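[1] Sequence first, predicted model second:
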Amino acid sequence: MRIGAFISSAVLAAMTAAVGTAQPAVAADAPAVKAATAYVVDSSGTVHFGKRETKRVPVASLVKVMTAYVVLREAKPGDTIEITATDVKYAARGGAATAGLRKGERFTVGDLLYALMLPSGADAANALARHYGPGKTAFIAKMNRAADSLGLDDTRYTNPDGMPTPAGGGYSTAVDQVKLATRALANDTFADVVGTKTHKVGKTAVHKAHTWRNSNKLLSRADGVLGVKTGYTNAAGYCLLFAGERSGKRIVGVLLHDQNERRFTTAERLLDYAGEQIAGS
């Protein structure tokens with residue numbers, strides 16, 4: 001039995017197929033969006049905002065959404081993973097976020113998903129990719145095959161965490177990120193993880209105590225927010241993949257290459273704007 005439950009394939013296919021089928025509706029009363037690219041769509045397939053939504057750009061730690069998606073396709077409830085020195089060293093490189101994992105600690109895959117998605121731990125990403133490849137090269141190949149199967153035609157992964165690499169760090173588009181988030185949120189485990197503000201694991205014989213806080217401030221700033229993921233690199237700027245419930249529908253959106261605090265304010269305004277459009281339709 002794999003972790004998490006998926007909604008019916010027929011319903012999910014209808015939802016994901018709808019993404020990008022309508023023309024972006026950027027009305028005069030739409031919120032100002034200064035992010036380089038943006039896209040907002042609801043569960044009926046109505047596009048509420050679009051800005052350079054098909055431009056290929058780096059997406060920083062939003063890459064970890066695909067990492068979690070691939071893991072959840074294979075993970076079993078009893079899976080445990082031991083943290084290696086390589087995992088710790090990988091996260092210690094310049095600029096990478098870390099969950100503070102230590103060599104020799106052992107965690108369930110469920111806890112590692114919190115370490116991956118809340119503080120955006122590159123150490124957790126490395127451990128999960130190493131285990132479920134097996135090996136990172138094989139895991140990255142799985143990520144790209146998953147992207148192909150989901151119709152993410154303008155997405156390419158070069159690692160499981162989104163940090164720049166000699167190969168360029170990969171790329172995606174606002175449209176593809178919304179498609180991926182829509183699919184990932186259909187998994188109950190993923191939705192629970194990304195909607196959590198703080199996750200604590202107590203000290204045990206196999207790991208120390210950890211407290212992981214979600215970097216997504218939108219969860220505390222607005223009602224009905226479901227997640228999903230923050231990201232930052234110099235190349236990608238500040239990114240935010242977000243989702244919420246408004247006027248009886250799920251809304252999923254993304255802001256790429258924005259400013260830090262502004263992305264949360266803009267996302268909140270876009271959720272409310274989409275909700276108003278839905279209510280008035």
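    Thanks, I have it.
[2] residue closest to the middle of the chain?
    Val65 (3.4 Å; Cα atoms, centre = their mean).
[3] could you measure that residue against Ala243, distance?
    According to Cβ to Cβ, to the nearest Å, Val65 and Ala243 sit 11 Å apart. Any C-beta I mention is one placed from the backbone N, CA and C, and that applies to glycine too.
[4] What of Ala35?
    Distance, Ala35 to Ala243, using Cβ to Cβ: 16 Å.
[5] which one of the two has more residues nearby?
    When Ala35 and Ala243 are compared for neighbours, Ala243 comes out ahead with 27 against 23, by other Cβ atoms under 10 Å.
[6] my guess is the more buried one is in a strand, correct?
    Yes. According to DSSP: H, G, I helix; E, B strand; the rest coil, Ala243 belongs to a strand.
[7] Show me what it is bridged to.
    Beta-bridge pairing for Ala243 (DSSP bridges): Gly227, Val252.
[8] Could you tell me which residues make contact with it?
    When contacts are counted by Cβ atoms under 8 Å, 6 or more residues apart in numbering, Ala243 touches 181, 185, 225-228, 250-253.
[9] Which of those residues ranks first by neighbour count?
    Going by other Cβ under 10 Å, Val228 tops the contacts of Ala243 with 31 neighbours.
[10] list the contacts for that one?
    Per Cβ under 8 Å, 6+ apart, neighbours of Val228: 65, 181, 184-185, 194, 216, 241-243, 252.
[11] any chance of those in CSV, plus pLDDT and distance to Asp123?
    As requested, the contacts of Val228 are exported to CSV (pLDDT from 0 to 100; distance: Cβ to Cβ, whole Å):
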residue, pLDDT, distance to Asp123
Val65, 98, 18
Ala181, 98, 23
Ala184, 98, 21
Leu185, 97, 25
Val194, 98, 19
Asn216, 97, 19
Leu241, 98, 21
Phe242, 98, 25
Ala243, 98, 26
Val252, 98, 28
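[12] Distance to Tyr39 for these - can I get that in TSV?
    Shown next, in TSV, are these (distance: Cβ to Cβ, whole Å):
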residue	distance to Tyr39
Val65	15
Ala181	10
Ala184	16
Leu185	15
Val194	18
Asn216	18
Leu241	10
Phe242	11
Ala243	12
Val252	9
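[13] from the residues you listed, which single one is nearest Val47?
    Of all the contacts of Val228, Val252 has the smallest distance to Val47: 10.9 Å, by Cβ to Cβ.
[14] and Val33, how many neighbours?
    Residues near Val33, counting by other Cβ under 10 Å: 22.
[15] Mind listing the shared neighbours of Val65 and Ala243?
    181, 228.
[16] Spit out the contact partners of Tyr39.
    24, 47, 49-51, 53, 174-175, 177-178, 253-254.
[17] Check Ala99 too.
    91, 115-116, 118-119, 121, 123-124, 210, 212.
[18] and the host helix or strand of Thr265, which residues are buried?
    Thr265 is part of helix 260-280, with elements assigned from DSSP states H and E. By neighbour count with 16 or more other Cβ atoms under 10 Å, helix 260-280 contains the buried residues 262-268, 270-275, 277-278.
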